[in-house]
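S.K.: have a look at this prediction, sequence included:
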Amino acid sequence: MSRYLADTSIWSWALGGGRPDIAGRLADRAQRNELATCYAIVLEQQHRARTGLEFETQFGAVFAPLHWLRSEETAWERAFAVQRSLAHAGHCRHRRQAMDYVIAATAELAGPEVVLWAFDRDMEVICEHTGQPCELEQA
């Protein structure tokens, strides 16, 4: 069974109401227990909460029930290695958000059954460079 590490871009579009198609696929994958998350994604997404209550409600309802991937030191090392490699691949190709590298590395190191699911050009560049499994949403 594949698991989908839904990037912050997926959560933002789904929870923001801007893409009901993404929200529908997210709900379907959650129902089938195919979603995964990690602390880097939760840190990015939860900063949008306006109160402690909103933070706890969203965390408990949305993220706590998911399968959690660990971002061990090796994920940070891999993130840095990919950034370094992209820096040598072409002018400014490495200029991506730091957490995007960590999220991509977390998915990659979890194994080929974990697919990084994103709506993000930065993730597209990273995944093309690493060759890791990914599903990219289109505008």
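M.R.: Now that the structure is in, tell me what you want to look at. Being a predicted model, the structure only gives us computed values, none of them experimental. Numbering: from 1, shown residues only.
S.K.: what about the strands in this protein?
M.R.: 3-6, 35-37, 67-68, 114-118, 134-136 (DSSP state E).
S.K.: buried ones in the longest helix along the chain, by neighbour count?
M.R.: The longest helix of the chain (DSSP state H) is helix 73-89. Across helix 73-89, burial judged by 16 or more other Cβ atoms under 10 Å covers 75, 78-79, 82-83, 86. The way it works is simple: take the backbone N, C-alpha and C, and place the C-beta from them, glycine included.
S.K.: and the strands of the chain as TSV, adding mean pLDDT, distance to A107 and mean neighbour count?
M.R.: Listed next are the strands of the chain as TSV, based on pLDDT from 0 to 100; distance: least, Cβ to Cβ, whole Å; neighbours: other Cβ atoms under 10 Å:
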stretch	mean pLDDT	distance to A107	mean neighbour count
strand 3-6	98	4	26
strand 35-37	98	8	23
strand 67-68	98	12	14
strand 114-118	98	4	25
strand 134-136	96	8	18
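S.K.: which one of those strands lies closest to Q45?
M.R.: Closest of these to Q45 is strand 35-37, at 8.8 Å (criterion: Cβ to Cβ).
S.K.: which elements pack onto that closest one?
M.R.: If contacts are counted by 3 or more Cβ pairs under 8 Å, 6 or more residues apart in numbering; DSSP states H and E, strand 35-37 sits against strand 3-6, strand 67-68.
S.K.: which of those sits closest to R19?
M.R.: Using Cβ to Cβ, the helices and strands packed on strand 35-37 put strand 3-6 closest to R19, at 12.5 Å.
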